[in-house]
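**Q** Sharing a model prediction with you, sequence too.
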Amino acid sequence: MVGIVSAVFNVAVCIGVPLGAFLVLLRRRSGWRVFLLGMAGFFVSQLCVRQPLLALLGQVDAYRLFAAGNPVGQLLFLSVTAGLAEESARLVIFRLLARRGRVQHGTPLWYGLGHGGLEAALVGVNSLVLLVIFPELLQRAGWAVALGGMERISAQMVQVALSLFVFCGLRRKRWFVAAILLHTLCNFMTVVTLFGVSDLMLEVLLFAFAAVVLYAAIKLWKGEDFHEKNLA
């Protein structure tokens, strides 16, 4: 029963929250297009570019040997490529919006919600499929199933924070570089599980990291004076 409840929690967090955010923006008639651009940014950078390239790389013998013999190095490589792909997509879309004069104060927030929302929805769909087709697997897994939803809460916080950093990077490139480094560090933090740290403790660490990064991003955002003419 605990596993079933955990899966329902995942669905609520990973599908319900992003969907709710989109519906609110749609009702307000403000920000929903940027939300969809955020989804597109994740879809293109990850599912259309990075993942296919990694699949091709996985067919190279040298890479397979490297990955098998150096799990820490492989995780670092995957973390770096994720940061480069997703933050570059963010920067391109923000710059296009700025050049077309479609930048608003909430643009990075809406984009971050869409980008992280699609990423979370993929986890939510997996839990939904298990609920419908393989509930017995959830019952055996127990509360550990909820770790997926917990991770997405932290990830969504980070995605919003990174959007703020990259948007600030339109004026000062160092913040774009900072976003890539923070994205890399967030992904690479899973390395601790290779050294005996439990999955639950990892989620605690990720949430603490996400909270600090989001706080720093909001402080940075509030300290900047953004106008269309400064961003184009």
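**A** Structure's in. What do you need?
**Q** roughly how far out does the host helix or strand of Ala62 sit from the chain middle?
**A** Element membership of Ala62, judged by DSSP states H and E, is helix 61-69. Put simply, helix 61-69 sits 27 Å off its chain's centre (C-alpha atoms, centre = their mean, to the nearest Å).
**Q** Same check on stretch 5-12?
**A** So, by C-alpha atoms, centre = their mean, the centroid of stretch 5-12 is 19 Å from its chain's centroid.
**Q** buried sites along that stretch?
**A** 6-11 (16 or more other C-beta atoms under 10 Å). C-beta coordinates here come from the backbone N, C-alpha and C atoms, glycine included.
**Q** if we look at it, which residues are touching it?
**A** Residues from elsewhere that reach stretch 5-12 (C-beta atoms under 8 Å, 6 or more residues apart in numbering): 123-124, 127-128, 130-131, 138, 141-146, 148-149, 152.
**Q** rerun at 7 Å
**A** Contacts with stretch 5-12, where a contact means C-beta atoms under 7 Å, 6 or more residues apart in numbering, come from 123-124, 127-128, 130-131, 138, 143, 145-146, 148-149.
**Q** who touches the helix holding Ala62?
**A** Contacts for helix 61-69 (C-beta under 7 Å, 6+ apart): 57-58, 73-74.
**Q** Now do the helices in this structure.
**A** Per DSSP state H, the chain carries helices over the ranges 2-11, 17-28, 32-42, 51-57, 61-69, 71-99, 107-133, 135-141, 147-168, 173-188, 199-223, 228-231.
**Q** where does this protein have low pLDDT?
**A** Residue ranges of the chain with pLDDT under 70: 224-232.
**Q** farthest residue from the center of it?
**A** Here the chain reaches farthest from its C-alpha mean at Asp61, the gap being 30.0 Å by C-alpha atoms, centre = their mean.
**Q** how deep is Val80 tucked in, by neighbour count?
**A** 16 (other C-beta atoms under 10 Å).
**Q** Give the closest residue to Leu194 in space, chain neighbours not counted.
**A** Spatial nearest neighbour of Leu194, excluding adjacent residues (C-beta to C-beta, 6 or more residues apart in numbering): Pro71 at 6.2 Å.
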